[in-house]
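*Asks:* Next input, structure requested:
(2 chains)
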Amino acid sequence: MDGFIYRISGPVVIAKGLEDPKMYDVVKVGKLQLIGEIIKITGSDAIIQVYEDTSGLRPGEPVINTDRQLSVMLAPGLLGSIFDGIQRPLDKIKVQSGDFISRGINVDSIDVEKKWHFVPSIENGMEVSMGMIIGTVQETSLIMHKVMVPKGISGKIDGLKEGDYTIVENIATIKNGNKKTSIQMLQYWPVRIARPVKGKQPPEIPLITGQRVIDTLFPVSKGGTAAVPGPFGSGKTVIQHQLAKWSDSEIVVYVGCGERGNEMTEILSTFPELKDPKTKKPIMERTILIANTSNMPVAAREASIYTGITIAEYYRDMGYSVALMADSTSRWAEALREISGRLEEMPGEEGYPAYLGRKVAEFYERAGLVILLNGLIGSITAIGAVSPPGGDISEPVSQNTLRVTRVFWALDASLANRRHFPSINWLNSYSLYNDDLSKWYAKNIGEDWTKLKSLAMEILQQEAEINEVVQLVGYDALPEKEKEILDIAKSIREDYLQQSAFDDVDTFSSIRKQYLMLKAIMLLHDMERSVIEKGVVVEQMQKIAAKSMVAKMKFIKESDIESYFNDVKKSILDIEKLEVIKA
Amino acid sequence: MGDVYYKTINQITNVLLFVEGVKNAAYGELVEVVTPNNERVTGQVLDSRDGLAIVQSFGETRGMNIKGTSARFLGTTAQLAVSTDMLGRVFNGVGNPRDNGNPIYSEEKLDINGGTINPYSREEPSEFIQTGISTIDCMNTLVRGQKLPIFSSSGLPHNRIAAQIARQARILNSNEDFAVVFGGIGINSEEANFFRTEFENTGALERSVIFLNLSSEPSMERIILPRLALTTAEYLAYEEDMHVLVILTDMTNYAEALREVSAAREEVPGRRGYPGYTYTDLSTIYERAGKIKNRKGSITQLPILTMPGDDITHPIPDLTGYITEGQIVLSRELYRKNIYPNIDVLPSLSRLMNQGIGKNKTREDHRGVADQLFASYANGKDLRSLTEIVGEEALSASDRKYLKFADQFEKQFVTQDYKEDRSIEETLDLSWELLANIEVNEAKRIKDEYIKKYGKWDTNGSK
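*Replies:* Sure, this is the predicted structure:
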């Protein structure tokens, strides 16, 4: 039986007369059939959060229960798309409603008419169960889509045949006893429920991002979790974009949650032109965008994070490594707060609901390096931006996030002000993956990589201490050895950690290039120290060629970096020729 | 339900009216409230249920009573009649003329809440707007379709700076139709007069639409006013192909009004008493800037807000900064040093700068020069505070050069006259002039080829 609207207060609508409403059922509200979700039931009242603007709704208008939970469509055709928070494709919305998004639009998330070439990967007659791969579709030139057995179905497969199918056409039947089920490429999954896996694996491979400060000092592993809190203007979004562009995950899901419209547009206009450094294919072919801009309905913002991670899990289940960027989780938490306030729930800290911590933890727990139901290994790396009010991370969203994530990239306004980007503060940030990854580093980068890294960190620490002394006595009063530390620390900061996202070469550094760059700086350090022992002063070294060569290293193309490194080594040797100036 | 006057008001606060017995008022529906003296005040439904509508009044509730006050539900959400006749006119906070002219009659009526631009339909803003102010053009570049607020504080010359931008802003090599929409939110009459005279003197008045709510007028109008201004701007931009600059001042007054309504509704307050939805609410204003593919016009927003207590972490500037595409921050310290425009470049930012600068747009060396100025000035300022403790003598030779650079940067680059309109070439050349104060090998942010081409160092690498 259909119900009717009793009360409207912003995005929250109370309906009466629904027959046996269930929690999290999707409902269609009002004459416009706005999509909503039941989030609370009291007696005969169903309290609904509506995913679209409720202006103009009147008490008495109908409410229809669809009897299903908020779900996403999963099938070939997801890659390269841009969806809103509840998986409606923005390009098709544009066709229906023009440049401005209107309400009550009903479109399929994925094209159901397009034919895909399906190739079976198993024989008819085999026993199959949920998650098993039965065939493939070349979804984009970069990604092979693997068609899997949907939930709740197992048995003997039959009728598999290579050919062109739409996502709703039958591709096979699965027979279990007397029960025969036809299956299609399309499957649905409720967004609030994690897709099942066999088990989690410890992290052992780093996600290579091409960003030096991240890969070198604060790496995140494939399947890891990272938080990026920072005040506005500190470059959170640029970091998220850089990771989406250059990280070596096979699939990227980017959730723009309550952020700027122009930022999504920027991704839409730049990504199709950018090429993946390894495969040279447009990176848009591996990317899925979820956009709920700040002026879109707040309830859909709450859903957008779940929509994103469910799609990520789907590709993970094919055995891919997936990176999920959420920018910004604070807007998601604020959406929770807003809805909670409208429900007149007792607020926890700073007005956030008491269950904020649980929700944050649940989200990050869906990341991980996992053994899949089909025996393959897949991973989701979750990287969440946090926008703490006033940049103060003692607030609840930051704190709840830091409790569950293992990497913390602390963005620093004072670094951003001097245009040191990425503005990741090297003293406050941390990564708990460094130890897990050291074996991989030794094998794939160089035995001395871990040593170089910790030496660099040590020098930066020392710099901070020496600078405190400088505050008291001035630079001139320092011993030459400490002046040299400051000199090398400056080189690490400016020539290594600082990286321009807008320079064609500097925007991405391969791990090999990072190794050579850091090695060069440390060779310079060793040489400087040894000539200082002889009595040479730091001032003399300011104009030597080796220093400016090291400084320019970041702008050297990947193809030329080995020979450039050899030139740098030679020029460092010239420092030995510096002579002691007699006073 | 248009003709029914409900006399069933049972509760009145300073902004809210509770009307009983209303069966089905639409959420957001406009309401006309008639006071016992037959004054008419507009309001809007904030909460609607079977039997009760909570109405927010945009005018004063002074003089309203339970017995004699009635409410009529108008059947529509708030709309504004728009036409090009609005150019050159002045309106009040609810869209009625305040210049003794006729009201605007038009077939075209637009919902004042606007729509959400589909991100898929947006065009990435990329056209450089030359404001003639070096600190903006070179270091925090404004582009067409951007929302770039001015973060000011009480007593600082933000109005002059905004007026100077409005006067000088232009697109290089272009002569397209433009308009200015000015929204004065709770400002005093002197400020209002200042802008009016400014627009008159520069001949921009006939290209302007002005909405004014003075500080003495009902604060609830301040919630409507920016939406009227932006609806007008959207009409001019997307229907009439104009490039519209929207100046909204002072957004702090807007947020105060928002807090007032929230408090009256007894909502759970967020930070400093502002409602939890302040971010979402502000975004429905700021996000109405932009460009749309295949449409000629554009909306560039220049909101002005005053930071209470000069505090950039106060919720109003904080939430604004998270929505807008950068910010121009004014500094009291520079103002005390008698520097105009007192723009503090370090905390200022333009997020869309990169799209608008470089070869074929401004000049190839722009990015590097800007980064170098930022880094060098930041360094110079750090050293300046250091010398206060240890004295200049304790600095190394190269550090002393940074000190000199910082001083000259403030005196020559930041400082310019209210009437001085610097071209971007002049600004960049001046930058190179100043950068020659530091060692050439310290200029790591700029590519060698540009240093060779534009650098003003002598052969020794110093000035």
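
*Asks:* could you point out where the chain is predicted with low confidence?
*Replies:* No chain in the question, so chain A it is. A:1, A:583 (pLDDT under 70).

*Asks:* not quite, I wanted chain B
*Replies:* Using pLDDT under 70, chain B drops low at B:1-2, B:459-463.

*Asks:* Would you map the helices across it?
*Replies:* With DSSP state H as the criterion, chain B has helices at B:134-137, B:158-168, B:189-201, B:221-234, B:251-264, B:278-286, B:315-323, B:332-336, B:353-356, B:366-390, B:397-408, B:424-435, B:448-454.

*Asks:* To what extent is residue 246 buried, counted in neighbours?
*Replies:* Defaulting to chain A. As a burial measure, residue A:246 scores 20 neighbours (other C-beta atoms under 10 Å in any protein chain shown). Yep, even glycine has a C-beta here, placed from its N, CA and C like the rest.

*Asks:* could you do chain B instead?
*Replies:* Neighbour number of residue B:246 under other C-beta under 10 Å is 27.

*Asks:* and it, what does it touch?
*Replies:* Residues in contact with residue B:246 (C-beta atoms under 8 Å, 6 or more residues apart in numbering or on different chains) are B:180-183, B:229-230, B:233, B:289, B:299-303.

*Asks:* so what's residue B:27 up against?
*Replies:* Per C-beta under 8 Å, 6+ apart, neighbours of residue B:27: A:8-10, A:54-58, B:45, B:47-48.

*Asks:* What separation is there between the residue in the stretch 251-400 of chain B that chain A sits nearest to and residue A:536?
*Replies:* The stretch 251-400 of chain B approaches chain A most closely through residue B:394 (2.3 Å), counting by C-beta to the nearest C-beta. With the distance defined as C-beta to C-beta, to the nearest Å, residue B:394 ends up 22 Å from residue A:536.

*Asks:* try residue B:198
*Replies:* Per C-beta to C-beta, residue B:198 is found 62 Å from residue A:536.

*Asks:* follow-up on the earlier one: residue B:394 and residue A:536: who's more crowded?
*Replies:* Applying other C-beta under 10 Å to residue B:394 and residue A:536 shows that residue A:536 carries more neighbours, namely 20 against 17.

*Asks:* Excluding residues flanking it in the chain, which one is nearest the more buried one?
*Replies:* residue A:578 (4.9 Å; C-beta to C-beta, 6 or more residues apart in numbering or on different chains).

*Asks:* With adjacent residues omitted, what lies nearest to the residue of the stretch 301-450 of chain A found nearest chain B?
*Replies:* Here the residue of the stretch 301-450 of chain A nearest chain B is residue A:390; by C-beta to the nearest C-beta that distance is 3.0 Å. Nearest residue to residue A:390, sequence neighbours excluded (C-beta to C-beta, 6+ apart): residue B:313, at 3.0 Å.

*Asks:* OK, contacts around the one you found?
*Replies:* Going by C-beta under 8 Å, 6+ apart, residue B:313 touches A:231, A:389-392.

*Asks:* hmm, try it at 10 Å
*Replies:* A:231, A:388-392, A:413, B:271, B:307, B:321 (C-beta atoms under 10 Å, 6 or more residues apart in numbering or on different chains).

*Asks:* Can you add neighbour count and give those residues back as JSON lines?
*Replies:* Formatted as JSON lines, the contacts of residue B:313 follow (neighbours: other C-beta atoms under 10 Å in any protein chain shown):
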{"residue": "A:231", "neighbour count": "24"}
{"residue": "A:388", "neighbour count": "23"}
{"residue": "A:389", "neighbour count": "23"}
{"residue": "A:390", "neighbour count": "18"}
{"residue": "A:391", "neighbour count": "21"}
{"residue": "A:392", "neighbour count": "12"}
{"residue": "A:413", "neighbour count": "20"}
{"residue": "B:271", "neighbour count": "18"}
{"residue": "B:307", "neighbour count": "21"}
{"residue": "B:321", "neighbour count": "24"}
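
*Asks:* Among these, which lie within strands?
*Replies:* Secondary structure from DSSP state E places none of the contacts of residue B:313 in strands.

*Asks:* which one of those residues is nearest residue B:22?
*Replies:* Distance to residue B:22 across those (C-beta to C-beta) is lowest for residue B:271, with 34.2 Å.

*Asks:* my read: that closest one touches residue B:315, true?
*Replies:* Yes. Contact criterion C-beta atoms under 10 Å: residue B:271 and residue B:315 qualify, at 4.8 Å.

*Asks:* what residues do these two have in common as contacts?
*Replies:* A:389-390, B:278.

*Asks:* nearest spatial neighbour of residue A:519, skipping sequence neighbours?
*Replies:* Residue A:519 sits nearest to residue A:452 (C-beta to C-beta, 6+ apart), 6.4 Å away.

*Asks:* Report the contact partners of the one you found.
*Replies:* Residue A:452 sits next to A:216, A:441, A:445-446, A:514-515, A:518-519, A:521-522 when contact means C-beta under 10 Å, 6+ apart.

*Asks:* That one belongs to a strand?
*Replies:* No. Residue A:452: not assigned to a strand; according to DSSP: H, G, I helix; E, B strand; the rest coil it is helix.
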